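Trainee: mind looking at a prediction? Sequence and model below.
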Protein chains: 2
Amino acid sequence: MAIVDRKKLIIEAAAKSFSLYGYKATTMDQVAKLANVGKGTIYTFFKTKEELFDEIITSLIVDIRLEVEAAMDDSASILENVHTVLVRVHEFRETHQLTIKLIQEERDMGTQIVVEAMQRVEESIVQYMKVIIQKAIDKGEIKACDPEVTAFVMLKMYFSLVVDWQRNHPPLDKEEISKLFELYLLKGLLT
Amino acid sequence: MAIVDRKKLIIEAAAKSFSLYGYKATTMDQVAKLANVGKGTIYTFFKTKEELFDEIITSLIVDIRLEVEAAMDDSASILENVHTVLVRVHEFRETHQLTIKLIQEERDMGTQIVVEAMQRVEESIVQYMKVIIQKAIDKGEIKACDPEVTAFVMLKMYFSLVVDWQRNHPPLDKEEISKLFELYLLKGLLT
DNA sequence: AAATTGACTGATTTAGTATTTCGGTCAGTT
DNA sequence: AACTGACCGAAATACTAAATCAGTCAATTT
């Protein structure tokens, strides 16, 4: 189209600004300037700053999902697929500027809107894993269980091992984490 | 003894004040007044406010341990004992004024000293569970595994289920949590 | 007339600073 | 020798003036 797609410009500017400065430190004037757009124009597309932010988070969720889907292998085992999802999600979190900044803002300032956004991201990952787990149940690969609780527990366990454990202990490498996952969740501890 | 045990008075006053007001809002003047003691006297027993606090936390750890030990049953299975420990710890956290207050202060204000104290409490629980798990391994009840990582994972999983899960879902009752524990950690998901 | 703009507004944040509080000390008291 | 509480400087807090910001809307552009 001949005329510029202002909405797209705004979204790109907002994504950039949220990535660089986080939610709080991003101003609507800043976004307008970055987008080469009058501030009022933003408000023709988004009712509030929070709504604009939610749009960015929604596309972040899509990005994570695409990233994860690309690595999925339908012929692989449940262990492999679940582990792949978790590794990819973790890598994404550690490499993408926006997530890095938001995790930081959540930790250091506890910005409510950011806390909620990160919960939404987490919830979306759980929902995605839920589907994988349901498939594994249907295929008879794993026992019948609540797929949502299971996905939730897997995510929490993974992040416990890669994030919390490393606060007081030498980090576990990918191989070890995969082994632990297999032992605890799949094979079980019982002899 | 004829003379009052001032150290004991101070410790009791401090425990009371930390329970009522948390770490930050407790002042040394306050503790001195509660203990009916000159402020200087506190400093003959404790070098700093933090050292006094650490003493209280140390005895909190002992209290939790006693509480938990009372419920242990050497003839019971690993599942029963581990679950008992976790339930007791959780109940303790929810009913004792000091832990309630400190969890609140950690969450709402992020007081560094309180964060560190709670980590010490958690670490002590892990160490205690580690012993139980080592026994279970020795008895051949469960597979060989790193007892510390295992204890850590169990604690994290339990609190994920009873604390984090309930933020967005209807709470799981004790029975369900016990079942989930058994399924995920002991029996394993594999068919 | 539809789309866009940026000056404007009032509520909120921040910066600056005066005041109070608090952890820790130590000279004096018991 | 044990204990005390007035005292100190650093740190937190309360206060307030100034700046900032989300959101609006009358004026301008297309």
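Mentor: Received, thanks.
Trainee: would you check how far apart the closest residue to DNA strand C within chain A and residue A:54 are?
Mentor: The nearest approach of chain A to DNA strand C comes at residue A:40, 2.0 Å away (Cβ to the nearest atom of the strand). All C-beta atoms are positioned from the backbone trio N, CA, C, and that covers glycine. To residue A:54, residue A:40 is 20 Å away according to Cβ to Cβ, to the nearest Å.
Trainee: can you tell me the SS state at the residue nearest to the spatial centre of chain A?
Mentor: The residue lying closest to the centre of chain A (Cα atoms, centre = their mean) is residue A:121, at 4.6 Å. Here residue A:121 is recorded as helix under DSSP: H, G, I helix; E, B strand; the rest coil.
Trainee: that one against residue A:60, yeah?
Mentor: Yes: contact criterion Cβ atoms under 8 Å: residue A:121 and residue A:60 qualify, at 6.6 Å.
Trainee: could you name every residue contacting both of those two?
Mentor: residue A:99 (Cβ atoms under 8 Å, 6 or more residues apart in numbering or on different chains).
Trainee: now residue A:142, what are its backbone angles?
Mentor: Main-chain dihedrals, residue A:142, degrees, to the nearest 10: phi -130, psi 170.
Trainee: just the pLDDT at it, thanks.
Mentor: Confidence at residue A:142, expressed as pLDDT, is 92.
Trainee: how about it, what does it touch?
Mentor: Residue A:142 neighbours (Cβ under 8 Å, 6+ apart): A:78, A:133, A:136, A:186, B:189-191.
Trainee: among those residues, which lie within helices?
Mentor: In this view, the contacts of residue A:142 that belong to helices under DSSP state H are A:78, A:133, A:136.
Trainee: with pLDDT as extra columns, can I get those residues in CSV?
Mentor: Listed next are these as CSV, based on pLDDT from 0 to 100:
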residue, pLDDT
A:78, 82
A:133, 94
A:136, 92
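Trainee: just the buried members of the contacts of residue A:142?
Mentor: The neighbour count (16 or more other Cβ atoms under 10 Å in any protein chain shown) marks A:78, A:133, A:136, A:186, B:189-190 as buried among the contacts of residue A:142.
Trainee: and those residues, which two are furthest apart?
Mentor: Greatest spatial distance among those (Cβ to Cβ): A:133 and B:190, at 12.8 Å.
Trainee: closest one of the contacts of residue A:142 to DNA strand D?
Mentor: Using Cβ to the nearest atom of the strand, those come closest to DNA strand D at residue A:133, 38.6 Å.
Trainee: got the residues of chain A near DNA strand D?
Mentor: A:26-29, A:39-40, A:43, A:47-50 (Cβ under 7 Å from any atom of the strand).
Trainee: now do the domain split for chain A, please.
Mentor: Here the domain parsing of chain A from automatic domain parsing is A:1-47, A:49-186.
Trainee: how far out from the middle of the chain is the first one?
Mentor: What separates the centre of domain A:1-47 from the centre of its chain is 22 Å, taken as Cα atoms, centre = their mean, to the nearest Å.
Trainee: let me see the mean pLDDT of it.
Mentor: 93.
Trainee: hmm, back to that, dump the buried ones among the contacts of residue A:142 to JSON lines, plus distance to residue A:166.
Mentor: As requested, these are exported to JSON lines (distance: Cβ to Cβ, whole Å):
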{"residue": "A:78", "distance to residue A:166": "26"}
{"residue": "A:133", "distance to residue A:166": "26"}
{"residue": "A:136", "distance to residue A:166": "29"}
{"residue": "A:186", "distance to residue A:166": "23"}
{"residue": "B:189", "distance to residue A:166": "25"}
{"residue": "B:190", "distance to residue A:166": "28"}
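Trainee: adding distance to residue B:170, write the ones in helices among the contacts of residue A:142 out as TSV.
Mentor: As requested, these are arranged in TSV below (distance: Cβ to Cβ, whole Å):
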residue	distance to residue B:170
A:78	27
A:133	20
A:136	25
